[in-house]
Every structure is written in structure tokens, then in C-alpha cells.
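**Student:** Would you be able to build a 3D model of this:
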Amino acid sequence: MLDHVRLPEGAERVAFALTADRGGPHVIVARDGGFVTCLAAGMKVGPHPVVSRAHLDALATKHERVRTGIALARKRGMDSSALLRKLTLVGPAFPREDFLAAEAAVGPAAGALLGKWASWTDAIGTLLDVAQWHPPVGLIAVAT
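**Tutor:** Below is the predicted model of the structure:
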């Protein structure tokens, strides 16, 4: 959880809000994730940054989407290498289900990364086509 929270530099502890109420209750944890203490409603968190309940709920939702996508990828017999191979072969016809699996593995950047991958494979294909093309003899000027 702490890997997905931006903490101020030097913050050794963080308070997780357990409700939407700014006054608590809170759980205080160390930067390394170790439990420190619980604070009842109305108790002050001191200098510790607070991670809101809404932020925690959003992280939980994201985590569930990732778990669902990874389960879908496994169900379809895919890993990241298989997904990239399939993208290379089918290009724009890449199935939505496979994209969801890739998104689970890579995160929200999946669309951009898959787009780059597709453009690279397209460029490589073009280069290979050009490498096999030989211009007609009359088009090549010979310097004397």
C-alpha cells in the first residue's frame, strides 16, 4: 500500500484514515509498513501525513482491477511475453480481453506502451520490406 502513496521526504510514519471523517480514527504505520499504533476518533495524528479514506478506497479498487486482469490473463493462458507476441502478430486486431490482461500486468500505461510496441513492430516490418526491395536498374544513377 505504501508503495502507491506519495509521502513527503523524511516522513517516517503515515496515518491511514479509517473513515471519511477527518477527525479519525487512524492507523499509524512506519514508512517500512510496520504497525505503530491506532488513534481513536478525535485523537491528533501529529506531524504525520494522512492518507484519506477515499485514497485508500481508490487503491483498493485499483488493486481489485489488477487482480481481475491477472486472473483473466492466466485463464487465457497468457503471460507478458505471450501478450507481446500476440500483439506483434495481430496488431490492431488485438482483443479487448488481452488488452485488459496487459493493462493488469503493466498498469495504466498499457495503452501507450502497446501503442509504441505496435508502431515499432510496424516500423520493423516496413524496414524489412524495404530491405527486400531492389530498385529497377534504370533508377540507380551511376557516378562516373
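**Student:** Contacts for stretch 27-43 next, please.
**Tutor:** The set of residues that contact stretch 27-43 without belonging to it, under C-beta atoms under 8 Å, 6 or more residues apart in numbering, is 1-2, 7, 11-16, 18-19, 21, 23-26, 45, 48. To be clear about C-beta, it is placed using only N, CA and C from the backbone, and glycine gets the same treatment.
**Student:** Kindly write the ChimeraX command that selects the buried subset of the residues you listed.
**Tutor:** Of these, the buried ones can be selected in ChimeraX as follows, counting by 16 or more other C-beta atoms under 10 Å:
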select :13,14,15,16,24,25,26,45,48
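**Student:** how about Pro95, what does it touch?
**Tutor:** Contacts of Pro95 (C-beta under 8 Å, 6+ apart): none.
**Student:** got a pLDDT number for it?
**Tutor:** Reported pLDDT at Pro95 in the predicted model: 78.
**Student:** ditto for Ser119
**Tutor:** The per-residue confidence score, pLDDT, reads 73 for Ser119.
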